[in-house]
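Show me how the following folds:
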Amino acid sequence: MDIALKFKIVERIVQMDDEKLLNEIKSLVGLTDDDLVVKDPQMTTESAPLPTPETLQGESDPQSEVMAELINRFLKK
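I've put the predicted structure just below:
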């Protein structure tokens, strides 16, 4: 399946309000409520990447350029 179509499906799922259908999707993909709980917040904080000195000084690539590159790489054939 094309990656763009997968993203479109996920987008539609995120916009859904039908609780019954969302629960069916959750069951279909094999998720449980335990999958959604962060078990160790300290570990999560420690694993978060720290900004580089370049980023802190505003010398990184602008967000628009990064997004354009990602779109070209993953969503266009």
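
use CA for all of it now, contacts and neighbours both
OK.

Against Arg12, how distant is His71?
Just so we're on the same page, residue 71 is Ile rather than His. Spatial separation of Ile71 from Arg12 under the definition CA to CA, to the nearest Å is 19 Å.

try Pro62
Taken as CA to CA, the span from Pro62 to Arg12 is 28 Å.

Also Leu31?
Look at Leu31 and Arg12: by CA to CA, they are 18 Å apart.

can you list the weak-confidence ranges in this structure?
Scanning the chain for pLDDT under 70 picks out 37-45, 77.

That one: helices as residue ranges?
All helices of the chain, identified by DSSP state H, fall at 3-15, 19-28, 41-47, 53-56, 63-74.

With respect to Asp35, which of the ones you listed lies nearest?
When the helices of the chain are ranked by distance to Asp35, counting by CA to CA, first place goes to helix 19-28 at 10.5 Å.

Pull the contacting residues for the residue located most distally from the centre of the chain.
No residue in the chain sits farther from the centre than Gln57, which is 26.3 Å out by CA atoms, centre = their mean. Residues in contact with Gln57 (CA atoms under 8 Å, 6 or more residues apart in numbering): none are found.

Having no further points to raise, I will conclude here.
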